[in-house]
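Asker: Show me the folded form of this:
(2 chains)
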Amino acid sequence: QKEVEQDPGPLSVPEGAIVSLNCTYSNSAFQYFMWYRQYSRKGPELLMYTYSSGNKEDGRFTAQVDKSSKYISLFIRDSQPSDSATYLCATMAWGAGNKLTFGGGTRVLVKP
Amino acid sequence: EPEVTQTPSHQVTQMGQEVILRCVPISNHLYFYWYRQILGQKVEFLVSFYNNEISEKSEIFDDQFSVERPDGSNFTLKIRSTKLEDSAMYFCASSEAANGNNEQFFGPGTRLTVL
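Answerer: Okay, the predicted model is just below:
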């Protein structure tokens, strides 16, 4: 079983729609959860960072973590064409040299 | 806004040659990392570095790889004898690592092409 799994997409939505992304993970030691946005051939850009279970909101972005089911989500409200990118989830366990384990990414396309 | 920078943006080398990839982490950050991403694949952890020593390394980070912080600002990744399969994007990242802040910020990457 892969440590972190994401549906690769592509996920195509009309402009203004809510984008819903999710990841599952297998290692119960993971305590930190991140979402990154990556444009083609660019570096990952940190969007959201959460610790343990719960919700976190930042502007149009909401991240949710459910440790009991090992499930993490990212919601993007009022999506824009500029949100078209690949979204990567990443997890980290405490005391593991801050090693991030990434999912494979979900490609999102927001159509005008 | 502070950011991680990397040079060069693209490096082409012959198999068996040594390459050094350079990074300038965010100035008040204490933890430094290298990751790589083979085209179409996941971002993979290579190594983390803290207090002038390797904190954690992956199976990929074998004897052909080394890291160094030669001065107060640069952080380098050296590949001693490149192989075709080393062709990838290499990302440097840094984190503050103070007060439990483990947010990692990535640079734009160096695209390494081994011929």
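Asker: CA atoms for contacts and neighbours, from now on please.
Answerer: Fine.
Asker: What's the end-to-end length of stretch B:35-44?
Answerer: 5 Å (CA to CA, to the nearest Å).
Asker: Any idea what residue 5 is bridged to?
Answerer: Using chain A here. A:Thr24 (DSSP bridges).
Asker: wrong one, chain B
Answerer: Bridge pairing for B:Thr5 - DSSP bridges - gives B:Val24.
Asker: Which residue is the nearest non-sequential neighbour of the residue in chain A that chain B sits nearest to?
Answerer: Nearest residue of chain A to chain B (CA to the nearest CA) works out as A:Gly43 at 4.3 Å. Spatial nearest neighbour of A:Gly43, excluding adjacent residues (CA to CA, 6 or more residues apart in numbering or on different chains): B:Pro108 at 4.3 Å.
Asker: ok, now how distant is that neighbour from B:Phe49?
Answerer: Taking CA to CA, one finds B:Pro108 at 19 Å from B:Phe49.
Asker: Bridge partners for the closest residue in space to A:Ser53 that isn't next to it in sequence, pull those for me.
Answerer: Spatial nearest neighbour of A:Ser53, chain neighbours left out: A:Val65 (4.7 Å); criterion: CA to CA, 6+ apart. Beta-bridge partners of A:Val65, counted by DSSP bridges, are A:Gly54, A:Ile72.
Asker: who in chain A is up against chain B?
Answerer: Taking CA under 8 Å from any CA of the partner chain as the contact definition, chain A meets chain B at A:42-46, A:49, A:96-105.
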